[in-house]
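*Asks:* Predicted model, plus sequence, below.
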Amino acid sequence: MKNHESLFFAGIDWGRNSHQVCVVDREGSVIGEKSFKHSGGGLLEMAQWMRKISDSEVCDIAAAIEVNHGPVVESLVEQGFRVYSINPKQLDRFRDRFCVSGAKDDRRDALVLASALRTDRYHFRFIEPQDPNVIILREFNRTREELTAEHTRLVNRLRGLLFRYYPQFGELLGKKVSAWHLELWELMPCPDSTKGKRVSTVKNLLRRNGVRRFNAKEVLRVLHDKKIELNDATTESCVWHIRKIIERMKVIDRQIKETEDSIKQIVETMNSKLKTEGQGPTDIEILISIPGVGHVVLATLIAEAWDLIRRRDREALRCLGGTAPVTRQSGKSRQVVLRRAVCRNLADAFHVLGRIAAVNDPASKAKYKALRAKGHRHCRSVRTVCDRLLSVVCAILKKGELFDKEFKKPLEDIAA
């Protein structure tokens, strides 16, 4: 006879090669323990075993695990299990219920997970099935972050090599290395190669790339500057190294462009889908109306916190993005510190959001100036500006209205 009334709790201590599972009933009695290999067949066998040993359907089984993503979580969610995640640090505190000596093994951890979920489910985070577009967007957005970081590393290596043998070329780079810089270097890769180059050749290169900051005569004047006297082998090795760096930079630039195009397409698809669900501005249109939210910040918000945005959960957004500080208070002692356990991509997006809003939004600008006048540092002030904006975002999302810069003017503007 199938048991549809009892709810069973499974604790899963996941590993690289195998996963230890413990299942308890509503009274906390262990009804089964088993280890499963990490493979397609092993994960399927684990799901079937939990159903068989509990004599229940998947909707009556809640599973606890230390991560909120990965193959184990996605496999269980896809099959209909109710999956909950918990921070490993919290699990370490629950472990003290069973053993205060600090002893630890996979079987005990699986039991602790199952028992804690049975008694303290509100401490766990429920993993909801996600929109396929959000899953794809998250992967593309994180790939773009990796490619951008790799591009920055290559640019730094390029600058270091130019500093070693060709410093006059480094004067043309500025803060950003563009395609015309690479084309110019390929035309004149070393100081000796600048001899005999015509002004018209450089002029055509600059016109082709739409460069107006420099003119051809100025570029040649900088490159004709006195060179560093070096061994020819040093120059040749640096030129060879830079050629390889430029080859990789061109590949990464192409991949970044393709990834950004894919991200924009997915966001447009999601926005079109939301338009069919109701009237008025969509959540995506409301987000893009916020000062400081561009295409990169928007993609990060959707990829990392779409479920929280859809729920209008301001407190969860503050904690996940790091704008909510951590207060440590005991007796008369009280300390407020920066939150470290955050989603780094979302925290970076919030920093950009607050920094740009402090320039373009009058109310945010006034808030930033007031905080700086009190002695707060730049990053602290930007976090507070972003924290205020999160309250505004959740409020206008609930109302279904676009952001209005004139809704609340700074006090000095009103007085004027």
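*Replies:* All right, it came through fine. Because the structure is predicted, anything quoted here is derived from the model rather than measured.
*Asks:* For R16, the count of nearby residues, please.
*Replies:* 6 (other Cβ atoms under 10 Å). All C-beta spots, glycine's among them, are computed from the backbone N, C-alpha and C.
*Asks:* Report the secondary structure state of it.
*Replies:* Under DSSP: H, G, I helix; E, B strand; the rest coil, R16 falls in the coil class.
*Asks:* That one reaches K37, doesn't it?
*Replies:* No. In this structure R16 lies outside contact range of K37 using Cβ atoms under 8 Å: 11.0 Å.
*Asks:* after the helix or strand hosting Q265, next one along is what?
*Replies:* Assessed by DSSP states H and E, Q265 sits inside helix 232-277. Going down the chain from helix 232-277, the next helix or strand is helix 283-288, by DSSP H and E.
*Asks:* Which of the residues in that following helix are classified as buried?
*Replies:* 283-284, 286-288 (16 or more other Cβ atoms under 10 Å).
*Asks:* Stretch 356-369 now?
*Replies:* 356-358, 361, 363-368.
*Asks:* got any ranges where the stretch 1-150 of the chain has weak pLDDT?
*Replies:* Counting by pLDDT under 70, the stretch 1-150 of the chain has low-confidence residues at 1-6.
*Asks:* All the strands of it, residue numbers only.
*Replies:* Remark: strands assigned in the stretch 1-150 of the chain by DSSP state E, counting those that start in this stretch are 8-13, 18-24, 30-37, 61-65, 82-85, 125-127.
*Asks:* Same check on the stretch 251-400 of the chain?
*Replies:* Using DSSP E, counting those that start in this stretch, strands in the stretch 251-400 of the chain cover 326-330, 333-337.
*Asks:* now those as JSON lines including mean neighbour count, mean pLDDT and distance to I135?
*Replies:* Below are those laid out as JSON lines (neighbours: other Cβ atoms under 10 Å; pLDDT from 0 to 100; distance: least, Cβ to Cβ, whole Å):
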{"stretch": "strand 326-330", "mean neighbour count": "10", "mean pLDDT": "89", "distance to I135": "30"}
{"stretch": "strand 333-337", "mean neighbour count": "9", "mean pLDDT": "88", "distance to I135": "34"}
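*Asks:* Turn those into TSV, columns for distance to K227.
*Replies:* Below are those laid out as TSV (distance: least, Cβ to Cβ, whole Å):
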stretch	distance to K227
strand 326-330	55
strand 333-337	52
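*Asks:* which one of those strands lies closest to D109?
*Replies:* strand 326-330 (26.1 Å; Cβ to Cβ).
*Asks:* Now do that closest one: which elements does it pack against?
*Replies:* Counting contacts by 3 or more Cβ pairs under 8 Å, 6 or more residues apart in numbering; DSSP states H and E, strand 326-330 packs against strand 333-337.
*Asks:* Within its sheet, name the partner strands of the strand it packs on and how each one runs.
*Replies:* Looking at strand 333-337 with DSSP bridges, its partner strands are strand 326-330 (antiparallel).
*Asks:* what's the strand it pairs with in contact with?
*Replies:* 334-340 (Cβ atoms under 8 Å, 6 or more residues apart in numbering).
*Asks:* quick one: which of those residues is nearest V222?
*Replies:* Relative to V222, the closest of these is L338; by Cβ to Cβ it sits at 43.6 Å.
*Asks:* Skip the chain neighbours and tell me the closest residue to the closest one.
*Replies:* Of all residues not flanking L338 in the chain, P325 sits nearest, at 6.4 Å (Cβ to Cβ, 6 or more residues apart in numbering).
*Asks:* In this structure the one you found contacts R340, no?
*Replies:* No. Contact criterion Cβ under 8 Å: P325 and R340 do not qualify, at 10.7 Å.
*Asks:* between the two, who's got more neighbours?
*Replies:* Taking neighbours as other Cβ under 10 Å, P325 and R340 compare with P325 leading, 16 against 8.
*Asks:* Identify the residues contacting the more buried one.
*Replies:* So P325 contacts 336-339 (Cβ under 8 Å, 6+ apart).
*Asks:* Good, we can wrap up now.
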